[in-house]
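**Student:** one predicted model, sequence on top.
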Amino acid sequence: MQSRNTLFDFMDRTIRNLRVADDIAQRDPHGFFEVTQLVNSVIGMLIFPAEEALASLPAAVLNMPVANAHPRVLHGDPEIFTLVGPALRKLRNSFAHFNIEFENHNNQIVGLYTWSYRYVGAPEPDWVAYISVEDLRALLKQGCEAFMQFTSSQSPSKIDALERRLDKTLKIKNKSGF
């Protein structure tokens, strides 16, 4: 049976896929590109939701394991990774414009630098942060859970409206053109 909550299902499946990817990476650490899969999952989590879903996320405090596991803000407001909503908005802008650079140590990706500009053509980024692979994984899980919490708390009519906005089905009238 197909769910009527595409966003919830996508986030749930992303978390499940992350667990499978972690298992595969442990069994075959040199044959599986764990960070590539993680970044692809983060991009899906950040870009797939409609903007109104992102804007409506609850302002829950990020639940990072320990203080030194937080992303390090190197430039800009050090509080940008305190709340789920603002953190995801900043990361969404960064990933959507491919403002990321991978950090390599001993031929392994250990993290990434990410940044965003306040406006197109700005002379410098308004923020720059370093995010370890572990922190990126934690942000992915927390972001997915926040979207799942958001969609599960909405009324059926709001879910229907959100589903209509997420419905990107191609309506082909003249199939002979392909």
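**Tutor:** Here it is on my side, so go on. This is a predicted model, so every value here is computed, not measured. Numbers count the residues shown, from 1 in each chain.
**Student:** mind listing the strands for this structure?
**Tutor:** 72-75, 100-105, 108-116, 127-132 (DSSP state E).
**Student:** would you turn those strands into JSON lines with distance to residue 54?
**Tutor:** Yep, even glycine has a C-beta here, placed from its N, CA and C like the rest. Converted to JSON lines, these look like this (distance: least, CB to CB, whole Å):
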{"stretch": "strand 72-75", "distance to residue 54": "20"}
{"stretch": "strand 100-105", "distance to residue 54": "19"}
{"stretch": "strand 108-116", "distance to residue 54": "14"}
{"stretch": "strand 127-132", "distance to residue 54": "17"}
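**Student:** touching, residue 142 and residue 81? I think so.
**Tutor:** No. Between residue 142 and residue 81 there is no contact under CB atoms under 8 Å: 10.4 Å.
**Student:** out of the two, which sits in the busier spot?
**Tutor:** Comparing residue 142 with residue 81 by other CB atoms under 10 Å, the one with more neighbours is residue 81, at 23 against 19.
**Student:** can you get me a residue count around the closest residue to residue 80 other than its chain neighbours?
**Tutor:** Leaving out its chain neighbours, the residue that sits closest to residue 80 by CB to CB, 6 or more residues apart in numbering is residue 90, at 5.3 Å. Number of residues near residue 90 (other CB under 10 Å) recorded here: 23.
**Student:** give me every residue that touches residue 90.
**Tutor:** Residue 90 makes contacts with 80, 81, 116, 127, as judged by CB atoms under 8 Å, 6 or more residues apart in numbering.
**Student:** farthest-separated two in those residues?
**Tutor:** Farthest pair in the contacts of residue 90 (CB to CB) is 81 and 116. Separation: 12.8 Å.
**Student:** look up how far residue 7 lies from residue 134.
**Tutor:** Per CB to CB, to the nearest Å, residue 134 is found 26 Å from residue 7.
**Student:** that should have said residue 85, apologies.
**Tutor:** Residue 85 is 15 Å from residue 7, where distance means CB to CB.
**Student:** what do you get for residue 81?
**Tutor:** Distance of residue 81 to residue 7, computed by CB to CB: 23 Å.
**Student:** got it, and residue 147?
**Tutor:** 6 Å.
**Student:** also residue 113?
**Tutor:** For residue 113, the distance to residue 7 - CB to CB - is 29 Å.
**Student:** ok, now residue 123?
**Tutor:** Taking CB to CB, one finds residue 123 at 37 Å from residue 7.
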